[in-house]
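Trainee: Predicted model, plus sequence, below.
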Amino acid sequence: MVKRGIILILIIFLILAIIFAIDPSNMTTGKIVKNNQPKTVLLNPSANEIISQNPYTFKWKFYDSDANDDQTAFEIQIADNRKFANSIIKSSITSMEQIGIKLPKGGITYYWRVRTKDAYTWSKWSDIQEFTVDTSKQCMDGTKFGGCNLNKKYCDGSYLRENCLVCGCKEGKICNEISQSCEITTCLDGTKEKTCNVNHQYCLNEVLIDNCKKCGCSLGYICKEEECIKSESNIETKQNRIISKIINLVKNIFEK
C-alpha cells in the first residue's frame, strides 16, 4: 500500500509539472505558477520577399499572454528546403528579437523559422516563410552586391552605404556597432583617433598613451620599447658640461 501511495503521488506530481511550470524560487513555499506557452511571429523578411542585403538582419516578435514574461532565448533555422535539412542554426540566450546572418549563397530561395522561450517554456516553431536573395544587382561604381568598395562602402543591392561591421573603417575612425557607421573620435585634448599630438602622445580609443614607435620622441630622447628615454649622447654632453664648469671653477680659484 505504501509503495502504491508513493507511485500515485509521483504520477500526480508529474501531471502537475506538465500542466503547470513550477517557479524554482517558490519551491520552499510550494507555490505553483501557471505558465502559458509563448508564440513567435516572423517579421523580416516577410513571406516571398526578395532581399538584396547580405548579411541580413532577421527579425521576429515574441508574444506571451502571461504578465511580465519576456523572451529569454531563441533558436532560428534557415535552409534551402522546407524540411530544414543541412540548415543554418543559430541560438542565443537573449531578449533581442533579431539577429544578423550572412547567407552562404545568392540567387536561391530560402526558408526560415524561429522559436522562442520565456522563463519556463519554448514556443512552437513559427510558421515557415520563404524569401529569395537577389545577387544580380550591383551599385553604380560596379561594386557587387554584398561587397565593399575601396572607400569602405557596402553595396546594399542598389546603393552604397556604411556597414563597418562588414567593410571596416579607414584609419583614424572606429566602428559604431549599433549604427554600423564609422566615426571620428578624439581624445580630451582634441587629438584625432590614431594620431599623435604635439607632445608625442598617441590617441587610442579616446585615451592618450605613450607610443614612441608611432609618435617619435622629443629632442634629446630616443625610443626604446615604446617609451622615450634620454639618449646616452645627451647624458654624456650634460656630464661633460658639468665637468667643464667644475674645472673652470677650480682654475678661477687658483688664479685668484
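Mentor: All right, it came through fine.
Trainee: okay, CA-based contacts and neighbour counts for the rest of this
Mentor: Fine.
Trainee: list the contacts for Gln180?
Mentor: Glu162, Asn163, Cys164, Leu165 (Cα atoms under 8 Å, 6 or more residues apart in numbering).
Trainee: from what I can see the second one touches Ile178, true?
Mentor: The reference is to Asn163. No. Using Cα atoms under 8 Å, Asn163 makes no contact with Ile178, being 10.3 Å away.
Trainee: So between these two, which is more surrounded?
Mentor: Using other Cα atoms under 10 Å as the criterion, Asn163 and Ile178 rank with Asn163 on top: 22 against 7.
Trainee: Which residue is the nearest non-sequential neighbour of that one?
Mentor: Gln180 (4.9 Å; Cα to Cα, 6 or more residues apart in numbering).
Trainee: all helices of the stretch 51-200 of the chain, in order?
Mentor: Taking DSSP state H, counting those that start in this stretch as the criterion, the stretch 51-200 of the chain carries its helices at 164-167.
Trainee: Pass me the low-pLDDT residue ranges in it, would you?
Mentor: 135, 157-158 (pLDDT under 70).
Trainee: cutoff 90 now
Mentor: Applying pLDDT under 90 to the stretch 51-200 of the chain flags residues 51-56, 65-69, 86-95, 100-108, 119-120, 133-163, 165-166, 168-195, 198-200.
Trainee: count of residues packed around the residue lying closest to Ile89 once chain neighbours are set aside?
Mentor: Leaving aside its sequence neighbours, Ile89 sits nearest to Gln77 (Cα to Cα, 6+ apart; 4.7 Å). For Gln77, the neighbour count with other Cα under 10 Å is 19.
Trainee: my guess is Gln77 contacts Lys83, does it?
Mentor: No. Using Cα under 8 Å, Gln77 is not in contact with Lys83, being 10.4 Å away.
Trainee: Phe131 against Asn44, yeah?
Mentor: No. Phe131 is beyond contact range of Asn44, at 9.6 Å (criterion: Cα under 8 Å).
Trainee: Verify the contact between His200 and Ile209 for me.
Mentor: No. Contact criterion Cα under 8 Å: His200 and Ile209 do not qualify, at 9.1 Å.
Trainee: hmm, back to that, distance of the residue nearest to Asn163 relative to Lys34?
Mentor: For Gln180, the distance to Lys34 (Cα to Cα, to the nearest Å) stands at 42 Å.
Trainee: Helix or strand for Cys228, just tell me which one.
Mentor: In this structure, Cys228 is located in strand 227-230 according to DSSP states H and E.
Trainee: Which positions within that strand qualify as buried?
Mentor: Cys228 (16 or more other Cα atoms under 10 Å).
Trainee: helices or strands up against that strand?
Mentor: Where contact means 3 or more Cα pairs under 8 Å, 6 or more residues apart in numbering; DSSP states H and E, strand 227-230 is packed against strand 221-224.
Trainee: is Lys183 in a bridge, and if so with what?
Mentor: Careful, residue 183 is Glu; it's not Lys. Ile174 (DSSP bridges).
Trainee: what's the burial count for it?
Mentor: Per other Cα under 10 Å, the neighbour tally for Glu183 reads 16.
Trainee: Nearest residue to the most centrally placed residue in the chain in space, ignoring adjacent ones along the chain?
Mentor: Closest residue to the average C-alpha location of the chain: Glu177 at 6.2 Å, with Cα atoms, centre = their mean. With sequence-adjacent residues excluded and distances taken as Cα to Cα, 6+ apart, Glu177 is closest to Leu165, at 6.7 Å.
Trainee: what residues does stretch 113-124 touch?
Mentor: 21, 35, 37-40, 42, 60, 62, 69-78, 125-129.
Trainee: Any buried residues in stretch 166-176, and which?
Mentor: Buried-residue list, stretch 166-176, by 16+ other Cα under 10 Å: Val166, Cys167, Gly168, Cys169, Gly172, Lys173, Ile174, Cys175.
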